[in-house]
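1. Curious how this folds, go ahead:
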Amino acid sequence: SNKKDLVSDGLVWPNGLTVDEILDRVYWSDAKKDTIESIHMDGSGRMVILDTVAKHPFSMAVFEDSLYWSDWEMQEIVSCNKFNGKDFKTLVKEAGIRPMGITLAHPLLIQSGPPSPCVDSPCSHVCLPKPLPSTEFTCACPSHLVLDSAGTVCEDSSLSSALL
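-> Numbering: from 1, shown residues only. Below is the predicted model:
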């Protein structure tokens, strides 16, 4: 096994993690220390990005020159420069909303690989791709609906039982 601890000291409650695949850096938040730190994937170059601004960082994401995270105490989604912690910005803060998980969607972040068999599927509600290397899929329905005889369209379960 080639497993290696990147960080083994100075951690209290690490709970957010994101990887910058371009720069080969791992970023994490520590909700007890209220910090955001980073280290190279080879274990070198550990640095503190923020140590006073984040109040209770939780879920994290990285894209281009920015870090993004949800903050449980401040109940907001915020960002800063991933190199130095500057340009701190509140992006989302709405009364009654407590953001938890965060993810980014951008064409540059999409992993290359085989196309999903569900892209042009006839499934009316849910398409479940079969495990690779298969290029097949199965259609599925929410629990209150059933698949029609063709196996692609979900319909009211009372309709199918009335036809029997």
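2. And Ile102, how far from Leu50?
-> Distance from Ile102 to Leu50, counting by Cβ to Cβ, to the nearest Å: 16 Å. From N, CA and C alone the C-beta is placed, and that goes for glycine too.
3. make that Ser38, sorry
-> 10 Å.
4. picking up where we left off before, who's more crowded, Ile102 and Leu50?
-> Set Ile102 next to Leu50 and count neighbours by other Cβ atoms under 10 Å: Leu50 wins out with 21 against 17.
5. partners of the more buried one in the sheet?
-> Ile36 (DSSP bridges).
6. wouldn't it be in contact with Ile36 here?
-> Yes. Applying Cβ atoms under 8 Å, one finds Leu50 in contact with Ile36, separated by 4.5 Å.
7. For Met74, which non-adjacent residue is spatially closest?
-> Take Met74 and drop its neighbours on the chain: the residue closest to it by Cβ to Cβ, 6 or more residues apart in numbering is Lys55, 5.1 Å away.
8. Quick check: chain neighbours aside, which residue is closest to the residue sitting nearest the centre point of the chain?
-> The geometric centre of the chain, computed from its C-alpha atoms, lies nearest to Thr103 (Cα atoms, centre = their mean), at 3.8 Å. Nearest non-adjacent residue to Thr103, counting by Cβ to Cβ, 6+ apart: Ala61, 5.9 Å away.
9. Name the SS class of the residue nearest to the centre of the chain, please.
-> coil (DSSP: H, G, I helix; E, B strand; the rest coil).
10. Which parts of the protein are strands?
-> Ranges of strands in the chain, per DSSP state E, are 14-20, 25-30, 35-40, 47-50, 57-63, 66-71, 76-81, 89-92, 126-129, 137-140, 145-147, 154-156.
11. if I look at the residue nearest to the centre of the chain, how far off is Glu64?
-> Applying Cβ to Cβ to Thr103 and Glu64 gives a distance of 15 Å.
12. Kindly report the same for Lys86.
-> Lys86 is 15 Å from Glu64, by Cβ to Cβ.
13. mind listing what the residue nearest to Thr103 touches?
-> Residues near Ala61 by Cβ atoms under 8 Å, 6 or more residues apart in numbering: 18, 67-69, 102-104.
14. mind running it again at 7 Å?
-> Contacts for Ala61 (Cβ atoms under 7 Å, 6 or more residues apart in numbering) come out as 18, 68, 102-104.
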